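Enquirer: task: produce atomic coordinates for the following.
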Amino acid sequence: MIPGGGQPDMQQLLQQAQKMQQDLQRAQEELANTEVDGQAGGGLVRATVTGSGELRGLKIDPKAVDPEDTETLADLVVAAVQAANENAQALQQQKLGPLAEGLGGGGIPGLPF
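Expert: Here you go, the predicted structure:
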């Protein structure tokens with residue numbers, strides 16, 4: 001409902017939409033440049049991903065390497081990457097969630113909220 005019953009100011013609406021788009025783009029760029037970690041096996045395997053979910057690094061403690069049991073190492077790698085991605089999703093929600101609410105609360109297609 002518009003106070004006074006007048007028509008919405010289209011210029012003002014366009015400016016607000018443009019500002020939200022700029023804020024969203026800035027937040028997405030920040031996410032792409034922010035790294036978050038995940039770990040498994042008490043820190044034996046650590047994965048680093050960007051806030052947008054791109055795998056950037058993987059560190060494996062030599063203690064985790066057993067030539068007779070590569071399955072456990074593979075499981076630790078998968079778990080570390082999953083943990084890092086969960087942390088990236090939490091960061092996405094923190095950075096982009098308020099912007100999505102500003103766009104009508106329906107979320108943004110392609111993003112997990």
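
Enquirer: what packs against the helix or strand where Asn85 lies?
Expert: Assigned by DSSP states H and E, Asn85 falls within helix 70-102. Counting contacts by 3 or more C-beta pairs under 8 Å, 6 or more residues apart in numbering; DSSP states H and E, helix 70-102 is packed against helix 10-33, strand 35-40, strand 45-50, strand 55-60. From N, CA and C alone the C-beta is placed, and that goes for glycine too.

Enquirer: put the alpha carbons of the longest one into CSV.
Expert: Translated: helix 10-33. As requested, the backbone C-alpha atoms of helix 10-33 are provided in CSV (Å, rounded to 0.1, in the frame of the first residue of the first chain):
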residue,chain,number,x,y,z
MET,A,10,9.1,4.5,-10.8
GLN,A,11,12.4,6.3,-10.7
GLN,A,12,12.8,5.5,-7.0
LEU,A,13,11.8,1.9,-7.6
LEU,A,14,14.4,1.5,-10.4
GLN,A,15,17.1,3.1,-8.2
GLN,A,16,16.3,0.7,-5.3
ALA,A,17,16.4,-2.3,-7.7
GLN,A,18,19.7,-1.1,-9.1
LYS,A,19,21.2,-0.7,-5.6
MET,A,20,20.1,-4.2,-4.6
GLN,A,21,21.6,-5.6,-7.8
GLN,A,22,24.9,-3.8,-7.0
ASP,A,23,24.8,-5.0,-3.4
LEU,A,24,24.2,-8.6,-4.6
GLN,A,25,27.0,-8.4,-7.1
ARG,A,26,29.4,-7.0,-4.5
ALA,A,27,28.4,-9.8,-2.0
GLN,A,28,28.9,-12.5,-4.7
GLU,A,29,32.4,-11.1,-5.5
GLU,A,30,33.2,-11.1,-1.8
LEU,A,31,32.1,-14.7,-1.5
ALA,A,32,34.3,-15.7,-4.5
ASN,A,33,37.3,-14.1,-2.8
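
Enquirer: middle-most residue in the protein, spatially?
Expert: Most central residue of the chain, judged by C-alpha distance to the mean C-alpha position with C-alpha atoms, centre = their mean, is Gln92 at 3.2 Å.

Enquirer: any stretches of the chain with poor pLDDT?
Expert: Under the criterion pLDDT under 70, the flagged ranges of the chain are 1-8, 100-113.
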